[in-house]
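K.L.:
Below are the sequence and a predicted model for it; my questions follow.
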Amino acid sequence: QVQLVESGGGLVQAGGSLKLSCAASGRTISPYAMGWFRQAPGKEREFVVVINYTGLSTYYTDSVKGRFTISRDNAKNTVYLQMNSLKPEDTAVYYCAAGAHGSGSLRTRPGEYDYWGQGTQVTVSE
């Protein structure tokens, strides 16, 4: 079992930045691809970004490319999401997730992930 806890969310003005962290416990995240998803009120959970287990491959949804950066520190068992140039439409609860996908896979569907955190709220004001 992998327990994931997100932190770093908050209220920020449009154009601002936040850095989310996802701290894992229970098992090492080294073998897992790690993803970030988000869910806005009344909407389905949507994929944001994934990083493979080596940290060498990433895949971003188009709406965050060039603004968000995912990274991982396997020694600290933590994944990060640096979010810059935030927009009101980025407002959502952000979740991190771990999936045993293998080296070549960058998966984007929530059902393909095995472990989830409880989420952290990100609110971007106009």
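P.N.:
Yep, it's here. Residues are numbered from 1 along each chain as shown.

K.L.:
Let me know the pLDDT of the residue most central in space within the chain.
P.N.:
The chain has Trp36 as the residue nearest its centroid, 2.1 Å off, counting by Cα atoms, centre = their mean. pLDDT recorded at Trp36 is 98.

K.L.:
So in terms of bridging, what pairs with it?
P.N.:
Val49, Cys96 (DSSP bridges).

K.L.:
go on, Cys22?
P.N.:
Glu6, Val79.

K.L.:
Quick check: it vs Gly99, distance?
P.N.:
Separation of Cys22 from Gly99 (Cβ to Cβ, to the nearest Å): 13 Å. To be clear about C-beta, it is placed using only N, CA and C from the backbone, and glycine gets the same treatment.

K.L.:
Can you pull the residues that touch both of the two?
P.N.:
Residues touching both Cys22 and Gly99 by Cβ atoms under 8 Å, 6 or more residues apart in numbering: Met34.

K.L.:
more crowded one of those two?
P.N.:
Neighbour tally, Cys22 and Gly99, criterion other Cβ atoms under 10 Å: the higher count belongs to Cys22, 27 against 22.

K.L.:
Quick check, the more buried one in contact with Cys96.
P.N.:
Yes. Between Cys22 and Cys96 there is a contact under Cβ atoms under 8 Å: 3.4 Å.

K.L.:
Please enumerate the shared neighbours of these two.
P.N.:
Counting by Cβ under 8 Å, 6+ apart, the contacts common to Cys22 and Cys96 are 4, 6, 34, 36, 79, 81, 117.

K.L.:
Alright, that wraps it up for me.
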